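Participant: Model the following, please.
(4 chains)
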4 protein chains.
Amino acid sequence: MEEKYDDSVLGRARVQDTPELEAYYKELEGLGAGALWTVANDIEPWEPRSSSVPMLWKYENLRELVLKSSELVTPEQAGRRVVYLVNDKRKDVSAAVGWLYTGIQVTRPGESTSAHRHKASALRFIMEGEGGYTVVDGNKIMLEVNDFVITPNSTWHEHGVEEGGKTCIWQDGLDIPLVNALEANDYAVYDGKQPLVAPVNHLPMTYGSSAGIVPADIVWNKPYSPLFKYSWKKVYPALLEAAKVNDGSPFDGILMHYTNPVTGGHVMQTMGASIQLLRAGEHTKAHKHTGSFVYQCAKGHGYSIINGKRFDWKERDIFCVPSWAYHEHVNLSETEDACLFSFNDLPVIQSLGLYQEKEHPDGYQKID
Amino acid sequence: MEEKYDDSVLGRARVQDTPELEAYYKELEGLGAGALWTVANDIEPWEPRSSSVPMLWKYENLRELVLKSSELVTPEQAGRRVVYLVNDKRKDVSAAVGWLYTGIQVTRPGESTSAHRHKASALRFIMEGEGGYTVVDGNKIMLEVNDFVITPNSTWHEHGVEEGGKTCIWQDGLDIPLVNALEANDYAVYDGKQPLVAPVNHLPMTYGSSAGIVPADIVWNKPYSPLFKYSWKKVYPALLEAAKVNDGSPFDGILMHYTNPVTGGHVMQTMGASIQLLRAGEHTKAHKHTGSFVYQCAKGHGYSIINGKRFDWKERDIFCVPSWAYHEHVNLSETEDACLFSFNDLPVIQSLGLYQEKEHPDGYQKID
Amino acid sequence: MEEKYDDSVLGRARVQDTPELEAYYKELEGLGAGALWTVANDIEPWEPRSSSVPMLWKYENLRELVLKSSELVTPEQAGRRVVYLVNDKRKDVSAAVGWLYTGIQVTRPGESTSAHRHKASALRFIMEGEGGYTVVDGNKIMLEVNDFVITPNSTWHEHGVEEGGKTCIWQDGLDIPLVNALEANDYAVYDGKQPLVAPVNHLPMTYGSSAGIVPADIVWNKPYSPLFKYSWKKVYPALLEAAKVNDGSPFDGILMHYTNPVTGGHVMQTMGASIQLLRAGEHTKAHKHTGSFVYQCAKGHGYSIINGKRFDWKERDIFCVPSWAYHEHVNLSETEDACLFSFNDLPVIQSLGLYQEKEHPDGYQKID
Amino acid sequence: MEEKYDDSVLGRARVQDTPELEAYYKELEGLGAGALWTVANDIEPWEPRSSSVPMLWKYENLRELVLKSSELVTPEQAGRRVVYLVNDKRKDVSAAVGWLYTGIQVTRPGESTSAHRHKASALRFIMEGEGGYTVVDGNKIMLEVNDFVITPNSTWHEHGVEEGGKTCIWQDGLDIPLVNALEANDYAVYDGKQPLVAPVNHLPMTYGSSAGIVPADIVWNKPYSPLFKYSWKKVYPALLEAAKVNDGSPFDGILMHYTNPVTGGHVMQTMGASIQLLRAGEHTKAHKHTGSFVYQCAKGHGYSIINGKRFDWKERDIFCVPSWAYHEHVNLSETEDACLFSFNDLPVIQSLGLYQEKEHPDGYQKID
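Facilitator: Model (predicted):
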């Protein structure tokens, strides 16, 4: 898939080993040093290089195992009862792709976790159930299927399902691998339950305005979205409305970012999230870009071609697209739209000046 | 209303006239100069000082005259058929209060203005009619009663009412007096009608999301809101929703700013706008602050006390609150909420570091 | 000088008076209203329009009168002993040009003013003397000839000259007329002398680095420059250095803005300042732009042509360029450079989106 | 060194293995999944955890080997003739500490490299020689001992030493390991030599003002410092000046960040740099914080205690402080100051919200 490059040109390391050089390398090694030219071509690749592979996790295979975890362990024992999805090439860092972690969590009616916080940021996308809720820094927020909710870094948070609800399953997304890699993670346990600081759903009801208005008397100076919950009941109609008057992206159909309404930027500093609508029969063109992505199909069915391999998905299936992997999406229905939720590390990639993209030269990929 | 201050203290000018000084002043005057201490106490007041007076314009008095203008002059002759409201103390600058202009414009079915642009910024709030629209830089936007719409500085804009519509009346708000005072206004006439660059309502349908999502593939880097229209159909429910979970401001009830969804800030660089809900029977406390405000009652009836004087308002009445005037609002209904639309020069006052506010020492004003 | 425009075109108000209309206007007037088309062409000019005229104040005429003020009044009586310069067309607002105030202040050895503060911002440019100082929020800063220093809005400030110094004369620049016009000015007197909070010259020595380095352990979050003083001993060599490797602007020679080193922007929110070097024999091209400017010649001699009129200046002369007035500068020396200090309201004009400029169509003006 | 924490509390994973669970884990593994509680305590540490160890590289050991490389390989063969320093625990990513690479490069008079660019950012600190230069995007900049210079990501850059100069040795710092980890690096070779676009030293002479002034006619909108070179001739006097009026930090003495003069922020998006002065006899207190640091002693001699181990340094020695390692610095001279240059990944840590710090509970460390 990668373009062909030639390391025998001026400007690349082209040193042949000699006995004298080998002795020199030995000497350097003894001093905690090395000769750059022995590693330069490797650590300075011509194009971005990912160590992850594309993967798809079928919900029909996982659902039963996820539910079974609720028989095998209690929340008190497990902390959180989660089955996490791990990339074949990222087992060492427990990542689904790149530096992103994802898992599927189950909570039964009446259960709740204890509160904790960490420097890693988290988000969730609701897959099943009723009566689920999260409490973030004392704000209780009710959750329904396909709702997207954030628990930003260093906020106290806990989750649960009301007594009269139905077993809830949701996808967790975290940047634990990234924050560990950056050697900055931490963890703290809250002593007891958080007291609520505002009426239930206070923040989504205050900032989740359908009208471009925000409270005049509240100052929000935290580096994440005060909206917290992005309700599917509002998101899906907004997608349909936008689809009426926009052609969308050739690579992504109608692609909308969840945003922080007081900055217009990403919902958190380290992870972004998007929702996209593929119109009936739509087959997008292929491109690749930096940044790692985890998808969940929220509606419909279709497939994606990632680095030349076809991955078929339907509602609740989860798949990943590694950095710099060519990808294109297909909605297999000729009558219904399909929706893909995704989360990513774009805020990192963009704030560090590392974003770039490239169209596939042929428009579409050949399937290997 | 103003606190009592004493100019006889050290740090204020306290020079007595003498024949020698008078000769000196004469000499300075001949050189285009003066002695600061002769004007210092006047140009350096102890507290902010407004040259505007509070005023209220009753719609029942003005409506007929506004409609009559459509018999007296054509849009072709008049440019725009507008009755403007002028503060008794600001006639020299055609301002309703401070440096803000406001007027009431009428357009009959099938009529439209020619397109023009200017460095002054404009906004409108729809009072009556059906089928009204504005075209801003090639984007046509349909307007309904109580919708709020902006036409930012230097955008080409034109307005009209569709053939099958009903006579439309709306309030215009402009910063013409400010931009003239800052010696920066200009004007240009568009040659013919603007071609549309997107489907009708493209921008409000794209950015007016009810869900905190924005298009991933559109870059908006203009210094004003891409939403353009703030639809009452969405604004009023959002107000009601926020009212359920917020106590609101003691001075303003549930006060929400119209915002730019890609910055969280004011809709334009020189004028902001707000919508506020006074709950049944609510009587807010009095305060004063810098910045000039023009209000229109969008719903209900009540009164405001401004610098000790009572102004009764009902739907469509317009009134103003000058800078640093104490004001408090009362909803006279014990069962229905009341809504006040307002626009202001807060973006100017805030960006220049000139905002300050003060609670009334007694909580409420006495009516003079 | 202004381009010719025609008000008889579609898009401008072209209504002829009739008895019926006159009766209508009368009726509107009784309701605090008017017909927009009677004032529209006047309040919506084709190009920016200034009410100020270009003026030059010769220091040789003013110096003696400034010194004389120190015999006529004491600082205790006068507050500050200042001769202010007033534009022939802006006497009503005590402005030198546009909304900018300027004056010349004299302080004798051993004298000092009491401390005060106001919402208006101030700056000074030192013209003569030794041992002058200012104290801003407890920071004492020593001043020498051609130093530029700021006292931002709402900071406590006082000035004086040390016992062993020489009589100091400096130019004051303030935005008093603007802040009064925006109805936001205030004033307070400090009770006694300010205690010093840091060693003398602490801030300029900390932030006035010659090297692009700033203290790691000081957080500066005020909306103005922490540098406070811009020392001529550093400014002039920097101008010479920049002149070696830059062609400069065709309209201004080597023009450098004094900046806030923690933002790269203007030194204060409402006034900016610049220093410019005209190379030996340089004659710049003419342009006009929005924004008002007050100049002081800091070095050399030459003239400026402003709206077709020639103004000759030498060291310490002060002159003004109104908004949208064509201007060009000439250094009359064939061997020495000339330097012009200036301050302006560009931060206002730019932050409100009102800046525009235009080259003179002929490159240079004809002198009337 | 790390505080003691207890994983047996509620909120941590405390599940005991059973045959049933082991079968369950097996089943999950077959589906590319796992149980979170089996890894949770490991991937969610109580405090930040670094995989690097503190190390010091003595220049007296390395210098000869660095020079020898110039006999063993040519720049044409090697690309760049560099000995890189590698952390004992980061050999897999060629990093000196965390995700930072550092190396020592030698260039003889008359030699120059070919131009290239990459998404990784680079900086250099000059150790020895005369007549060295770098060319960044067509801007040639001359370098002297202790100068600090940047070559930001995706800029074309090449280095060399003038014919009449003396062999130059400098330290390179790059974020190659980070950009590789983020799967975003790339590389391109320039075809031939870059043409110069401005006079030599244009940018440092233009922006390196000693006076807080910046060119009015140059718009700089790139995300890195336009100053490029921070000259020791200006930096050291500025440090001395700041030291006269500042107490400095208890942990770092007089610590100044190199900054971007148009933002006040870090010099580049991914790496920052600082210079610090330890006064004669100074022994700073111990603290730890997130972020990785590489130091070079620019002047004097002393030692640092890092996680309880003493590292003695003198001019040109290089050492590293890993994330969350306690560290304190000592100047061993009782008469002379000592200066430490350092570069770091603070822009990453801070922009992602991951910075935190902690004082040592005892003030100072015990040496192990």
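Participant: what's the residue lying closest to A:Asp7 once chain neighbours are set aside in contact with, if anything?
Facilitator: Leaving aside its chain neighbours, A:Asp7 sits nearest to A:Asn41 (5.2 Å; criterion: CB to CB, 6 or more residues apart in numbering or on different chains). (Glycine included, C-beta is placed from N, CA and C.) Taking CB atoms under 8 Å, 6 or more residues apart in numbering or on different chains, we find A:Asn41 in contact with A:Asp7, A:Arg12, A:Ala13.
Participant: Can you give me the pLDDT of whatever residue of the stretch 51-200 of chain A ends up closest to chain B?
Facilitator: Of all residues in the stretch 51-200 of chain A, A:Pro199 sits closest to chain B, at 4.5 Å by CB to the nearest CB. As predicted, A:Pro199 sits at a pLDDT of 91.
Participant: quick one, strands of the stretch 101-250 of chain A?
Facilitator: Using DSSP state E, counting those that start in this stretch, the strands found in the stretch 101-250 of chain A span residues A:101-107, A:116-118, A:122-136, A:139-143, A:148-151, A:157-174, A:187-189, A:213-215, A:229-230.
Participant: can you put the ones you listed in CSV and add mean pLDDT, mean neighbour count and distance to D:Val82?
Facilitator: Putting these into CSV (pLDDT from 0 to 100; neighbours: other CB atoms under 10 Å in any protein chain shown; distance: least, CB to CB, whole Å) gives the following:
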stretch, mean pLDDT, mean neighbour count, distance to D:Val82
strand A:101-107, 97, 26, 36
strand A:116-118, 95, 20, 39
strand A:122-136, 97, 22, 41
strand A:139-143, 96, 21, 52
strand A:148-151, 96, 28, 43
strand A:157-174, 97, 20, 38
strand A:187-189, 94, 18, 39
strand A:213-215, 80, 22, 53
strand A:229-230, 93, 28, 49
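Participant: of the ones you listed, which approaches B:Arg316 most closely?
Facilitator: strand A:213-215 (21.0 Å; CB to CB).
Participant: Next, see if the closest one gets close to chain B.
Facilitator: Yes: legend: contact between strand A:213-215 and chain B by CB under 8 Å from any CB of the partner chain is shown at A:Ile213, A:Val214, A:Pro215.
Participant: Check which helices and strands the helix or strand bottoming out on mean pLDDT in chain A is in contact with.
Facilitator: Ranking every helix and strand in chain A by mean pLDDT, DSSP states H and E puts strand A:213-215 at the bottom, with a mean of 80. Secondary-structure packing of strand A:213-215 (3 or more CB pairs under 8 Å, 6 or more residues apart in numbering or on different chains; DSSP states H and E): helix A:202-207, helix B:232-245, strand B:254-258.
Participant: Can you tell me which of those is most buried?
Facilitator: Sort the helices and strands packed on strand A:213-215 by mean neighbour count, taking mean count of other CB atoms under 10 Å in any protein chain shown, and strand B:254-258 sits at the top with a mean of 24.
Participant: so what's the closest residue to A:His118 other than its chain neighbours up against?
Facilitator: Leaving aside its chain neighbours, A:His118 sits nearest to A:Tyr187 (4.8 Å; criterion: CB to CB, 6+ apart). Contact analysis of A:Tyr187 by CB under 8 Å, 6+ apart lists A:His116, A:Arg117, A:His118, D:Glu44, D:Pro45, D:Trp46.
Participant: if we go to 10 Å?
Facilitator: A:116-120, D:5, D:11-12, D:40-41, D:43-47 (CB atoms under 10 Å, 6 or more residues apart in numbering or on different chains).
Participant: Tell me where chain A has helices.
Facilitator: Secondary structure of chain A by DSSP state H: the helices cover A:19-30, A:40-43, A:59-72, A:75-78, A:176-181, A:202-207, A:232-245, A:346-351.
Participant: Any stretches of the stretch 151-300 of chain A with poor pLDDT?
Facilitator: Residue ranges of the stretch 151-300 of chain A with pLDDT under 70: A:209-211.
Participant: give me phi/psi at the closest residue to chain C within it?
Facilitator: At 11.7 Å from chain C, A:Asn221 is the closest residue in the stretch 151-300 of chain A, using CB to the nearest CB. When read as degrees, to the nearest 10, the backbone of A:Asn221 gives phi -120, psi 20.
Participant: Can you tell me how far it is from C:Pro75?
Facilitator: Computed as CB to CB, to the nearest Å, the A:Asn221 to C:Pro75 distance reads 43 Å.
Participant: hang on, the earlier thing: determine which of the strands of the stretch 101-250 of chain A approaches B:Trp324 most closely.
Facilitator: Proximity of the strands of the stretch 101-250 of chain A to B:Trp324 was assessed by CB to CB; the nearest stretch is strand A:213-215, lying at 24.0 Å.
Participant: So A:Gly302 versus A:Tyr236, what's the distance?
Facilitator: Applying CB to CB, the value for A:Gly302 to A:Tyr236 is 17 Å.
Participant: now A:Leu10
Facilitator: 56 Å.
Participant: any idea of the pLDDT on the closest residue in space to A:Leu178 that isn't next to it in sequence?
Facilitator: Excluding the flanking residues, the one nearest A:Leu178 by CB to CB, 6+ apart is A:Trp99, at 3.6 Å. Listed pLDDT for A:Trp99 reads 98.
Participant: For burial, what's the neighbour tally of A:Trp99?
Facilitator: 26 (other CB atoms under 10 Å in any protein chain shown).
Participant: what sits against it?
Facilitator: Counted by CB under 10 Å, 6+ apart, A:Trp99 has contacts A:52, A:90, A:93, A:174-182, A:270, A:292, A:323, A:345, A:348, D:181-183.
Participant: I figured A:Cys297 hits A:Asp317, correct?
Facilitator: Yes: applying CB atoms under 10 Å as the test, A:Cys297 and A:Asp317 come out as touching, 5.1 Å apart.
Participant: Overlap of the contact sets of those two?
Facilitator: A:Leu56, A:Tyr59.
Participant: quick one: which of the contacts of A:Asn41 has the most company?
Facilitator: For the contacts of A:Asn41, neighbours were counted by other CB under 10 Å; the highest total belongs to A:Arg12, with 21 neighbours.
Participant: Hmm, A:Val149 and A:Phe341 touching each other?
Facilitator: No: look at A:Phe341 against A:Val149 with CB under 10 Å: they stay out of range, at 12.0 Å.
Participant: Not counting its neighbours along the chain, what's nearest A:Ser52?
Facilitator: A:Pro322 (3.9 Å).
Participant: quick one: the one you found from chain B, how far?
Facilitator: Distance of A:Pro322 to chain B, given as CB to the nearest CB, to the nearest Å: 19 Å.
Participant: Could you measure from that residue over to A:Ile306?
Facilitator: To A:Ile306, A:Pro322 is 8 Å away according to CB to CB.
Participant: hey, what's in contact with both of the two?
Facilitator: Common neighbours of A:Pro322 and A:Ile306, counting by CB under 10 Å, 6+ apart, are A:Val53, A:Pro54, A:Met55, A:Lys288, A:Phe293.
Participant: now, which of the contacts of A:Asn41 sits nearest chain D?
Facilitator: The nearest one, if we look at those relative to chain D and count by CB to the nearest CB, is A:Ala13, at 4.7 Å.
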